[in-house]
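Asks: 3D, please:
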Amino acid sequence: NHDIAEINFYINSGGGEVYTALAIIGLMNLARAYDFKISTWVFGWAASAASLIATQGDYRVISKYSRHFLHFGTITDITCKYSEIEKTCQQNLEYANSLHELYISASHGKLNSKLLHELESDERGYVLADKCVEYGLADVVLENDLVAKQNYELAKALFDKEYQKSLKPIKTHRKEVKKV
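Replies: Have a look, this model is predicted:
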């Protein structure tokens, strides 16, 4: 039993270690199992690992002048042996596939592998707020301070209604992952 029903992540980050982001996402999913709602709010930018976290909220807000930065990060654990290079390349592919699954699942069908690859391949990789909503990386854009409260209250009411419907039997809109 808990008194808090919602956890808010306020994000303005250049990113970080992807494994830390995956741990945070795991904790977000654990909180959902206990009926917490997870909201993510991007003010400024959500780059790299921070972008991945921002997309995993049940309710995702981005301010008008904010953006996501998507790119294909790498694992850089290469020695001079060919076998090590080959192994690292395989690990990079597995890693990329896992991240793609998370982004595509979070987009509710608005993002596919081809478009995601194009976004990541762009040298700049920036996705502006309106495009984040179009691609399913966010749910609502806060236009400005005066409109923000109205947008928030309307979007929140719709979210709460949809969220309540989703509580039984599944507590998250994310694709189930095989448990190991």
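
Asks: Helices of the chain, start to end?
Replies: Along the chain, the stretches classed as helices by DSSP state H are 18-33, 49-55, 82-106, 113-121, 129-134, 145-166.

Asks: Same list (the ones you listed) but as CSV, adding mean neighbour count and distance to residue 62.
Replies: Where you see a C-beta, it was placed from the backbone N, CA and C, and this is true even at glycine. As requested, the helices of the chain are exported to CSV (neighbours: other Cβ atoms under 10 Å; distance: least, Cβ to Cβ, whole Å):
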stretch, mean neighbour count, distance to residue 62
helix 18-33, 15, 17
helix 49-55, 25, 8
helix 82-106, 15, 13
helix 113-121, 14, 15
helix 129-134, 18, 5
helix 145-166, 12, 11
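
Asks: residues contacting residue 53?
Replies: Neighbour list for residue 53: 9, 11, 21, 24, 25, 28, 40, 46 [criterion: Cβ atoms under 8 Å, 6 or more residues apart in numbering].

Asks: Just the pLDDT at it, thanks.
Replies: At residue 53, the pLDDT value in this model is 97.

Asks: Give me the residue at the spatial middle of this structure.
Replies: To find the centre residue of the chain, average its C-alpha atoms and take the closest one (Cα atoms, centre = their mean): that gives residue 55, at 2.0 Å.

Asks: how near is the residue lying closest to it once chain neighbours are set aside to residue 56?
Replies: Excluding the flanking residues, the one nearest residue 55 by Cβ to Cβ, 6 or more residues apart in numbering is residue 106, at 4.1 Å. If you measure residue 106 against residue 56 using Cβ to Cβ, to the nearest Å, the figure is 6 Å.

Asks: picking up where we left off before, looking at it, the residue nearest to the centre of the chain is touching residue 108, isn't it?
Replies: No. Under the criterion of Cβ atoms under 8 Å, residue 55 makes no contact with residue 108, lying 10.5 Å away.
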